[in-house]
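Student: Could you work out the structure for the sequence below:
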Amino acid sequence: MLNAPLITLSNPLTAEDALAHLTAHADPRRAISMGRYFKTGPGEYGAGDTFLGLSVPSVRAIAKRFHTLSLSETEDLLHAPEHEARLTALLILVHRYQKGAAQERAAIFRLYLSNTQYINNWDLIDGTAEYIVGAHLYGGDKQILIDFAHSSDLWQRRIAMLSCFHDIKLGDAASAFTIVNILKNDSHDLIQKAVGWMLREIGKRCSRAELVAWLAQDDHYKTIPRTALRYAIEHFSPEERQAYLKGGV
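Tutor: Next comes the predicted model:
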């Protein structure tokens, strides 16, 4: 349980208030290990990102306290250099989207898509894309996901894939297969893992038959990166996994 920091809050709340609240709970030692975990070294996918050292439950608790932050102030918080500030902003947006009326949901969707340069690590995407982008596009035009899947930007490609989790959870694999077919041979490990993860979830939540059929189609199980394949067949029996990995199905 977080203790209330000794700071004065504005009325209405501001991005600076939220950042001060986050900073009051900073843990410099934990921040160092988080920087390593999220690959912030030169040339790594999270290069240059900075951390305060808060746990995810702590960030969620703070996001809950600031759930009334206006969209403009939430966008300012999303632009902060501190990773936990961006995560807080995104969690606020998810909460606001789920509770908001149609007009507010549309505004949050637009805000999310126009700020993808700040949604720049896998944890920021994985806990938010399906709840905002996936939810907003449900039953409608998915062209933005196709555009993102073709993007040169790593994080837009991951947003495209993870947004499909919304439909998968409802038993609909169509959009996910569309994005999988674009990203199936992506060279980046984080995209291979995302593709494999969503394929696995199709097998678990939609139908195993759909996953097996896709793996057999055009010998995908032989041609997709091994990382993606291992994720996709995690819930198969040991014997089945070995057969797929050895290309002998």
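Student: from the middle of its chain, how far away would the longest helix along the chain be?
Tutor: Across the chain, the longest stretch assigned as helix under DSSP state H is helix 83-99. Chain-centre distance of helix 83-99: 12 Å, with Cα atoms, centre = their mean, to the nearest Å.
Student: ok, now stretch 64-73?
Tutor: Counting by Cα atoms, centre = their mean, stretch 64-73 comes out at 20 Å from the chain centroid.
Student: List the buried residues in that stretch.
Tutor: 65-66, 69, 71, 73 (16 or more other Cβ atoms under 10 Å). To be clear about C-beta, it is placed using only N, CA and C from the backbone, and glycine gets the same treatment.
Student: helices or strands up against the longest helix of the chain?
Tutor: helix 15-24, helix 56-65, helix 71-78, helix 102-113, helix 122-126 (3 or more Cβ pairs under 8 Å, 6 or more residues apart in numbering; DSSP states H and E).
Student: Mind putting those helices into JSON lines with mean pLDDT and distance to residue 42?
Tutor: Converted to JSON lines, these look like this (pLDDT from 0 to 100; distance: least, Cβ to Cβ, whole Å):
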{"stretch": "helix 15-24", "mean pLDDT": "96", "distance to residue 42": "26"}
{"stretch": "helix 56-65", "mean pLDDT": "96", "distance to residue 42": "26"}
{"stretch": "helix 71-78", "mean pLDDT": "98", "distance to residue 42": "25"}
{"stretch": "helix 102-113", "mean pLDDT": "98", "distance to residue 42": "29"}
{"stretch": "helix 122-126", "mean pLDDT": "98", "distance to residue 42": "19"}
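Student: how about the longest helix of the chain as PDB, C-alpha atoms only?
Tutor: The C-alpha trace of helix 83-99 is given here as PDB (Å, rounded to 0.1, in the frame of the first residue of the first chain):
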ATOM      1  CA  HIS A  83       8.800   5.500 -18.000                       C
ATOM      2  CA  GLU A  84       6.400   5.200 -15.100                       C
ATOM      3  CA  ALA A  85       4.900   8.500 -15.900                       C
ATOM      4  CA  ARG A  86       4.000   7.300 -19.400                       C
ATOM      5  CA  LEU A  87       2.700   4.100 -18.000                       C
ATOM      6  CA  THR A  88       0.500   6.000 -15.500                       C
ATOM      7  CA  ALA A  89      -0.900   8.200 -18.400                       C
ATOM      8  CA  LEU A  90      -1.700   5.100 -20.400                       C
ATOM      9  CA  LEU A  91      -3.400   3.400 -17.500                       C
ATOM     10  CA  ILE A  92      -5.500   6.500 -17.000                       C
ATOM     11  CA  LEU A  93      -6.500   6.500 -20.600                       C
ATOM     12  CA  VAL A  94      -7.500   2.800 -20.400                       C
ATOM     13  CA  HIS A  95      -9.700   3.600 -17.400                       C
ATOM     14  CA  ARG A  96     -11.200   6.700 -19.000                       C
ATOM     15  CA  TYR A  97     -11.900   4.800 -22.300                       C
ATOM     16  CA  GLN A  98     -13.700   2.000 -20.500                       C
ATOM     17  CA  LYS A  99     -15.800   4.400 -18.500                       C
END
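Student: Of the helices and strands packed on helix 83-99, which is nearest residue 132?
Tutor: Of all the helices and strands packed on helix 83-99, helix 102-113 sits nearest to residue 132, with 5.0 Å by Cβ to Cβ.
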